[in-house]
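S.K.: Need the 3D shape of this:
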Amino acid sequence: MNEPRDPVAELDELDDGQTAALGALLGSGAVWAEDDQDTGERIVALVAAEAGPVEGLAPPRPGRDDRRHLWLIGAVAVLFLAVGVAIALLVGDDDTIEVALVGTELAPNASAVAELDDTEQGLRILLEVTGLSSAPPGTYYQAWVRNESDGVAAGTFHLRGGDGEIELWAGVSSFDYPVLIVTLQQEGAGPASSGEVVLRGRAG
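M.R.: Numbers count the residues shown, from 1 in each chain. Predicted coordinates:
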């Protein structure tokens with residue numbers, strides 16, 4: 001019985017005219033056995049030397065050590081991604097301005113905390129109100145942002161469901177309009193401020 005020959009040794013003996021034999025060898029299961037990584041690397045090297053640079057040539061299948069190395073690289077990449085997301089969140093928090101609002105003589109037991117966030121869509125205001133009575137029927141509360149000479153409406157609410165967080169928006173920046181107030185408005189009285197201020201605060 002003939003002894004089995006080394007497939008790579010047979011490749012070394014091929015010349016340019018033995019294409020058919022090369023194809024038969026490449027189709028052999030023994031040549032591409034999963035555990036024989038060295039054989040695959042030698043075959044690829046021989047073919048590359050004969051054919052010159054070939055684009056798209058698939059690399060040999062990674063061995064166990066290679067797979068462990070790739071897994072480690074992937075784990076490190078995930079860790080860096082998580083750290084990057086955490087840093088982005090922390091930086092985003094630095095852009096939020098917190099403003100404390102106190103009640104006026106019209107609502108002495110009321111207070112609120114507002115978070116001002118200048119976004120690409122406008123000034124987002126999260127208002128957490130405590131101790132402010134619900135607006136009586138026919139009235140509502142109006143939030144405003146102001147500077148020394150002008151005021152811009154930032155939304156309305158009534159609190160008839162109790163205290164809670166209210167999301168408001170204004171189309172200006174907190175830098176230009178640092179004062180935040182809340183007024184009690186009468187339905188049907190028009191868009192102007194009533195002047196009945198129940199909460200007031202200032203950024204900075």
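
S.K.: How about the secondary structure of residue 135?
M.R.: Classification of residue 135 by DSSP: H, G, I helix; E, B strand; the rest coil places it in coil.

S.K.: any idea how far residue 101 is from the closest residue to it other than its chain neighbours?
M.R.: Closest residue to residue 135 apart from its sequence neighbours, by CB to CB, 6 or more residues apart in numbering: residue 158 at 4.2 Å. No exception for glycine: its C-beta is placed from N, CA and C like everyone else's. Here residue 158 is placed at a distance of 17 Å from residue 101 (CB to CB, to the nearest Å).

S.K.: which of those two has more neighbours?
M.R.: Comparing residue 158 with residue 101 by neighbour count (other CB atoms under 10 Å), the higher total belongs to residue 101, at 24 against 13.

S.K.: Hmm, the more buried one is touching residue 115, no?
M.R.: No. In this structure residue 101 lies outside contact range of residue 115 using CB atoms under 8 Å: 11.6 Å.

S.K.: other SSEs contacting whichever strand or helix holds residue 198?
M.R.: Element membership for residue 198, per DSSP states H and E: strand 197-202. Helices and strands touching strand 197-202, by 3 or more CB pairs under 8 Å, 6 or more residues apart in numbering; DSSP states H and E, are strand 96-103, strand 111-118, strand 179-186.

S.K.: Buried residues in it, which are they?
M.R.: Using 16 or more other CB atoms under 10 Å as the test for burial, strand 197-202 gives 197-201.

S.K.: What of stretch 154-169?
M.R.: Neighbour-count burial for stretch 154-169, counted by 16+ other CB under 10 Å, picks out 154, 157, 166, 168.

S.K.: what's the span of it from first residue to last?
M.R.: 5 Å (CA to CA, to the nearest Å).

S.K.: same thing with stretch 158-173?
M.R.: Taking CA to CA as the criterion, the two ends of stretch 158-173 lie 25 Å apart.

S.K.: give me the low-pLDDT residue ranges for the protein?
M.R.: 1-94 (pLDDT under 70).

S.K.: please redo it, this time with the cut-off set to 50
M.R.: In the predicted model, the chain carries pLDDT under 50 at residues 11, 19, 32, 34-35, 54, 57, 83, 85, 87-88, 90-93.

S.K.: which stretches of it form strands?
M.R.: 96-103, 111-118, 123-130, 139-146, 151-157, 165-170, 179-186, 197-202 (DSSP state E).

S.K.: possible to save the buried residues of stretch 154-169 as a markdown table with distance to residue 133?
M.R.: Converted to a markdown table, those look like this (distance: CB to CB, whole Å):
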| residue | distance to residue 133 |
| --- | --- |
| 154 | 20 |
| 157 | 13 |
| 166 | 15 |
| 168 | 19 |
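
S.K.: between those, which is closest to residue 184?
M.R.: Comparing these against residue 184 with CB to CB places residue 157 closest, at 11.3 Å.

S.K.: Which strand residues bridge that closest one?
M.R.: residue 141 (DSSP bridges).

S.K.: correct me, but it touches residue 165?
M.R.: No. Residue 157 lies out of contact with residue 165 (CB under 8 Å); the separation is 10.4 Å.

S.K.: what's the span of stretch 154-166, first residue to last?
M.R.: Start and end residues of stretch 154-166 are separated by 11 Å (CA to CA).
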